[in-house]
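K.L.:
structure, please.
(chains A and B)
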Amino acid sequence: MIRVQDLTVAYGAVKALVDVTFEARTSAITAVLGANGAGKTTLLRTISGLKSPVAGSITHDGAELTLMKTEDIARMGIAHVPEGRGVIGEFTVEENLRLGALTAKVDAKQSLASQYERFPILGERRRQHADQLSGGERQILSMARALIANPAVLLLDEPSLGLAPLITAQIMATIKELCASENLTVILVEQNASSALRIADHAVVLNVGHVVANDVASVVAEDEKLRQYYLGMVR
Amino acid sequence: MNRQRSPRGLSAAGIVIAVAVLSLLVTPSVRDGVALAILMMLTVTSALILLPSELRRARPVLTRAATSTMVVSVTLVATFFFSSTTDFNLATGAAMAVTLVGLSFLTGVSGQVSIGNGAFMGVGAFTMAIWSNHHATTPIAVTLLLSVVAGALVGFLLGLPATRLRGPYLAGMTLAFAVAFPAILTYFNSWTGGDGGLQLPNAANPPHWLNALFVHGTSSLTSSTLWLTDITIVAAGVAFFFMANLFSSRVGRAMRLVRDNEVAAELVGVNLNRTRVLAFVISSAYAALGGALWTFLNNSVTPATYSFALSIVILSVIVIGGIGTIPGALIGGLVYAYSTNVINWITNQTGLNPQGNFASQLNGIIFGGLLIVTMMLAPRGVAGVYYTLRRQRASKRGDVASPPKETYAEA
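P.N.:
Predicted coordinates:
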C-alpha cells in the first residue's frame, strides 16, 4: 500500500503539487486523472524518487520513501513505467527485458520465461530490436520489464499514450489482470479518463496540483461536474 | 546424445592429431614444431567448438573464449612464418587495439567521450618502464597488471568529474589532461628520464620460463624478437576476451541504458554516477595496458610519444574502425600499425623529401582525410558497414522480418 500525505512538490517557485493526500491500496488500481499540467507525472516521479518533495510524506507499507534514492526505491519493489515507456530501440526485446533484472535479485532466466509465458508476443519477438515493435507491443514490453523484478507496486505513466482505442482497451485489460494475479498496488496515471475509470477501483482527480476528487472510481465516473470540468468527458 | 556426438568427436581428434603430425614434419626445429602443433590443435579445437550453432547460441562465454583462442592461435602460427617487420606491425596493431577497444567501450557503450586516452596509454607505458627499471626481476604478467592498476587509478581520479560533467565539457577536461601529460612527465624527469625517456633493462632477454620451455637458442621463438610479438598478441587476446564479455554483460547493459535513457536506468535501480565512473576506469585501464604492451614491444618509451597528437590519432583510428564494436578496434589497430608503412611508401613513390615540411605533416593529412571520408560514407566505421550489410542480408532472408504494425491487436 502506498500512502501519500500532504505532499507538496515545486519546480522553483511553481508548485506542481499542493497538499496532496491519498491512499493506493494493495490489489487495487488507483487511477490518477487530470488535464495536462495537473501534476500527475510529477506525482509518480516523486514517489519513485526522481524528484524530491518540498513537504509531506510518501510511505510504502510504512516505510518512508521521500528521503530514499531512486535506485533504492526501485530495489524495494516499486516499479515505475515512465511516460514514453523507456524502451531502448537498439536493444533486442530480450535485452530490454533483462534490463529489468539488472539490479534485482531474481533468477533472470526463470523470470524471462515467465514473462514470455504471460506475453507470448514478446517471446515471438525476443531477438528483434525494440524499435521494430508497434506502440502497443512497446507498452507491453515496458510493463513486462517492470514485472521482471517481481515488484509490489506498479506505477504506470500514460500507458495509453499514442495508442489506438482498441489497443488501449487491451492494455487496460492486461493491467487489470496483472493487478489481480500479482496482488499489485497499481497507480495508473492517465489523461484518457474513460479508459482508466473502466478498470480502476479508486480514482484521484488532480487539477493544477490540488486534489479535487478522491473517491471510488464508479462515483467519480458518474459525477457530472468532475466529468465536465476536469476530465473532459462529454456524454 | 552422447552416441550421436562420438563420431564427430572422433573425427575431430583425428584432425587434431593429423595437423600436429604435419606441423612437426614441416618445421625445421623440433621445438618450434611442438609449439606450432600445440597452436594448431588449439585452433582446430576452438573451430570445432564454434561449428554447432546451437552451442554458439546457448554458451556465449564459451563461444567468446573459443573465438579469442582461435584468432590468437592463428595469429601466433602466422608470426612464425611472417617477416620480423610484419610481426612487429601485427603486435603494434594488437597493442593499439587494446587501447582502442577501451575507448570504443567508453564511447560506444557508455556514451562518454574522452580525448585523453593517449595520456592514459602513457600512464601504463611509464608505469611499465619505471617499474621494470627498479625491479627487473618482476614477471612480465605482474608488471602488465601493475600498469593496468595504475591506469585504472588515474582513470578513476579523472572519471570523478564524469559524475557532474557531460559531453563536450567532460571531453574538455580529458583534453586538459592529455595536453598537460607530457609536461608532467618532463617535470618528474628523475623518474621518467626526461625527454630521453627510459629503456627497459632486460630488453633482449626472454623470460626464464620461455627459455626453459625451448632451451638455448634452438627455437626462433626465443632467439629473435618473436617472443615479444607473441606475448603481446596473447595479452591482447586475453584483454579482448574480457572486453567481449563486458560488452554484453549486466554492467555493459547498464551502461548502454544510462547512455540511452538516464531516467529508465534510475528506475531499474542503476546508480548513474557509479556506472559512468566505472566506464572511465575500465577504458583507462585498457589504454594503460595498450601503452604498457607498446613499451614492452619497443623496449623503450619517450614522453614525446604520448603527446596530445596521439590522443587525437587514437580517436580518429577508432572512428575509422568503428566505434562500439570489437572488430572495429582490431581494424583500427591494424590501420594504425600500417599507417607508418603507407606513409613511407607514399613519400618514396612521390619522391618527397622525408625530412621536408609536407612529408612530416603527411600523417595528419592522411588520418584527417580518412576521418572525413569515414564520417561521410560510413559514420559507424568499417565494422559498422559489415554489421549493416549483415543485417540487410538477414532481413532479406526473412530472419528479422519487419513486423506488421499493431500486431498486438491479434494477440
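
K.L.:
neighbours of B:Val21, how many?
P.N.:
By other Cβ atoms under 10 Å in any protein chain shown, 12 other residues sit near B:Val21. All C-beta spots, glycine's among them, are computed from the backbone N, C-alpha and C.

K.L.:
quick check: chain neighbours aside, which residue is closest to it?
P.N.:
Nearest non-adjacent residue to B:Val21, counting by Cβ to Cβ, 6 or more residues apart in numbering or on different chains: B:Ala37, 7.9 Å away.

K.L.:
what's whichever strand or helix holds that neighbour packed up against?
P.N.:
Following DSSP states H and E, one finds B:Ala37 within helix B:30-50. Helix B:30-50 makes packing contacts with helix B:2-26, helix B:60-81, helix B:208-214, helix B:220-223 when contacts are defined by 3 or more Cβ pairs under 8 Å, 6 or more residues apart in numbering or on different chains; DSSP states H and E.

K.L.:
the bottom helix or strand of chain A by mean pLDDT?
P.N.:
Using mean pLDDT, DSSP states H and E, helix A:224-229 stands out as the lowest-scoring helix or strand of chain A, at a mean of 81.

K.L.:
same deal with chain B?
P.N.:
Across the helices and strands of chain B, mean pLDDT, DSSP H and E gives its lowest value to helix B:220-223, namely a mean of 59.

K.L.:
quick one: B:Leu185 from B:Phe126, how far?
P.N.:
Taking Cβ to Cβ, to the nearest Å as the measure, B:Leu185 falls 7 Å from B:Phe126.

K.L.:
oops, could you answer that again for A:Met1 instead?
P.N.:
According to Cβ to Cβ, A:Met1 stands 60 Å off from B:Phe126.

K.L.:
before we move on, the earlier item: could I get the CA-only coordinates of the helix holding B:Ala37 as PDB?
P.N.:
Provided in PDB are the C-alpha atoms of helix B:30-50 (Å, rounded to 0.1, in the frame of the first residue of the first chain):
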ATOM      1  CA  VAL B  30      61.600 -29.900 -33.400                       C
ATOM      2  CA  ARG B  31      60.800 -27.400 -30.600                       C
ATOM      3  CA  ASP B  32      59.200 -25.000 -33.000                       C
ATOM      4  CA  GLY B  33      57.300 -27.900 -34.300                       C
ATOM      5  CA  VAL B  34      55.900 -28.700 -30.900                       C
ATOM      6  CA  ALA B  35      54.900 -25.100 -30.400                       C
ATOM      7  CA  LEU B  36      53.200 -25.000 -33.800                       C
ATOM      8  CA  ALA B  37      51.500 -28.300 -33.200                       C
ATOM      9  CA  ILE B  38      50.000 -27.100 -29.900                       C
ATOM     10  CA  LEU B  39      48.800 -23.900 -31.600                       C
ATOM     11  CA  MET B  40      47.300 -25.800 -34.500                       C
ATOM     12  CA  MET B  41      45.500 -28.100 -32.100                       C
ATOM     13  CA  LEU B  42      44.100 -25.100 -30.200                       C
ATOM     14  CA  THR B  43      42.900 -23.600 -33.500                       C
ATOM     15  CA  VAL B  44      41.200 -26.700 -34.600                       C
ATOM     16  CA  THR B  45      39.600 -27.400 -31.200                       C
ATOM     17  CA  SER B  46      38.200 -23.900 -30.900                       C
ATOM     18  CA  ALA B  47      37.000 -24.000 -34.500                       C
ATOM     19  CA  LEU B  48      35.200 -27.300 -33.700                       C
ATOM     20  CA  ILE B  49      33.600 -25.700 -30.600                       C
ATOM     21  CA  LEU B  50      32.400 -22.800 -32.800                       C
END
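
K.L.:
any idea of the pLDDT on the closest residue to chain A within the stretch 101-250 of chain B?
P.N.:
Chain A sits closest to B:Arg250 of the stretch 101-250 of chain B, with a gap of 5.9 Å, by Cβ to the nearest Cβ. We have a pLDDT of 86 for B:Arg250.

K.L.:
swap in the one 10 residues further on?
P.N.:
Predicted confidence (pLDDT) for B:Asp260: 86.

K.L.:
residues contacting it?
P.N.:
Counting by Cβ atoms under 8 Å, 6 or more residues apart in numbering or on different chains, B:Asp260 makes contact with A:88, A:90, B:111.

K.L.:
now restrict those residues to buried residues only.
P.N.:
Among the contacts of B:Asp260, those buried by neighbour count (16 or more other Cβ atoms under 10 Å in any protein chain shown) are A:88, B:111.

K.L.:
so among the contacts of B:Asp260, where is pLDDT lowest?
P.N.:
Pick the lowest pLDDT in the contacts of B:Asp260 and you get A:Glu90, at 81.

K.L.:
next, it: secondary structure please.
P.N.:
Secondary structure for A:Glu90, judged by DSSP: H, G, I helix; E, B strand; the rest coil, is coil.

K.L.:
would you confirm that it contacts A:His129?
P.N.:
Yes - using Cβ atoms under 8 Å, A:Glu90 makes contact with A:His129 at a distance of 6.2 Å.

K.L.:
can you get me a residue count around the residue nearest to B:Phe241 when sequence neighbours are not counted?
P.N.:
Among residues not flanking B:Phe241 along the chain, B:Ser68 sits closest, at 4.1 Å (Cβ to Cβ, 6+ apart). Close neighbours of B:Ser68, defined as other Cβ under 10 Å, add up to 23.
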